[in-house]
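Visitor: the following block contains a protein sequence and its predicted model.
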Amino acid sequence: WETFREEPTGLASVQTQDYLRAGVAGQPAVQLAYGPVPTRSGEAVTVAETWAFVFLTQDATQRELALALAATLLTPTVQGPWSQYSGRLPSRSSALAAWTPAGDYVTFLDQQLHAAIAIPNGRAFADFARRLQTAQAAVLRGELTPEQAGRELGVAP
């Protein structure tokens, strides 16, 4: 992110929190354009980190209190400001609507929220992620074309 900010040419994939840290939503400190990640199908997709609550108790009172706390944390008036402050995409549009000031970037984020999918996990994904990182580095070093890298990963014809 810092390298891209110093020389904002070309295309970079950045996390929302980095973009927001550069300035206030809707008024970035650096002059950048934003848009969805291009896909072959043209269909919008956003890979997102997700949150989950897990309650491990047999005690009905503790479970009830934990569920009440989770419900409170997820209300738009709590999750909205907290997610904006932390630079994280909230789980619902109603929480995103609490962001101030509202602007074009918040509208863009709402579109991304509706296209979000959870990051895959597990051993198979960890292996693929390592191979993907190696292939990306080879493309950046000029050792492989993107097409060759895709074929090596088994994701391109």
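Guide: In hand now; what should we look at? Numbering: from 1, shown residues only.
Visitor: any chance you could map the strands in the chain?
Guide: 46-48, 116-118 (DSSP state E).
Visitor: residues in contact with the first one: which ones?
Guide: Strand 46-48 is touched from outside by 36, 37, 89, 112, 113, 115, 116, 117, 118, 119, with contacts defined as CB atoms under 8 Å, 6 or more residues apart in numbering. All C-beta atoms are positioned from the backbone trio N, CA, C, and that covers glycine.
Visitor: tell me the predicted confidence for the most centrally placed residue in the chain.
Guide: Nearest to the mean C-alpha position of the chain, counting by CA atoms, centre = their mean, stands residue 48 at 4.0 Å. Note for residue 48: predicted pLDDT of 75.
Visitor: same check on residue 94?
Guide: 95.
Visitor: can you pull the contacts of it?
Guide: Under the criterion of CB under 8 Å, 6+ apart, the neighbours of residue 94 are 76, 80.
Visitor: helices of this structure, start to end?
Guide: Along the chain, counting by DSSP state H, helices occupy 2-6, 16-21, 60-73, 76-86, 93-96, 104-114, 123-140, 146-153.
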